[in-house]
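>>> Here is my input, please return the structure:
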Amino acid sequence: MKIKQWHIYTANLNPQLGTEAGKIRPVLVIQSNILNEIHPSTIILPITTNIILHAEPLRINLKTNECGLKKESAILIDQIRAIDNQRFVKEIGKINSIQIKKIQQSLLEVLDWI
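Below is the predicted model:
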């Protein structure tokens, strides 16, 4: 499977440890396509259906049927991690340019880069 930046895939995040997101769940690839071509692991943001309103910059909410997701979901900006490419199951969608800008801004805030 070819992994692409800003695409959503299901991935097996088990085993989980502590407060890490676990289970087979959607994840958003944020790693550049240059690395995606050659690297055996990928930087992702897990996605949950546990919605918290007004939780930006820690979460970016997505509507039902948006980006290939069947339920209202939230991208967990504060759970950034790298996973081995063997954890990916299948591609399910892609986010749009407006969402990309929101995610980039949230990452800057969470990482204190602004």
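>>> quick one: average pLDDT of stretch 91-100?
In this model, stretch 91-100 has a mean pLDDT of 96.
>>> And for it, what's in contact with it?
The set of residues external to stretch 91-100 that reach it, using CB atoms under 8 Å, 6 or more residues apart in numbering, is 1, 4, 6-10, 26, 28, 60, 62, 67-69, 103. Every residue, glycine included, has its C-beta placed from N, CA and C.
>>> Straight-line length of that stretch, end to end?
The first and last residues of stretch 91-100 sit 18 Å apart, counting by CA to CA, to the nearest Å.
>>> Check which residues of that stretch are buried.
Buried residues in stretch 91-100, counted by 16 or more other CB atoms under 10 Å: Glu91, Ile92, Gly93, Lys94, Ile95, Gln99.
>>> can I assume the second one sits in a strand?
Which is Ile92. Yes - if the criterion is DSSP: H, G, I helix; E, B strand; the rest coil, then Ile92 is within a strand.
>>> buried set for the longest helix seen in the chain?
Ordering each helix of the chain by length in residues (DSSP state H) puts helix 97-110 first. For helix 97-110, the buried set under the neighbour-count rule, 16+ other CB under 10 Å, comprises Gln99, Lys102, Ile103, Ser106, Leu107.
>>> Make JSON lines out of these and add distance to Pro46.
Formatted as JSON lines, the entries for the buried residues of helix 97-110 read as follows, by distance: CB to CB, whole Å:
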{"residue": "Gln99", "distance to Pro46": "16"}
{"residue": "Lys102", "distance to Pro46": "17"}
{"residue": "Ile103", "distance to Pro46": "13"}
{"residue": "Ser106", "distance to Pro46": "14"}
{"residue": "Leu107", "distance to Pro46": "14"}
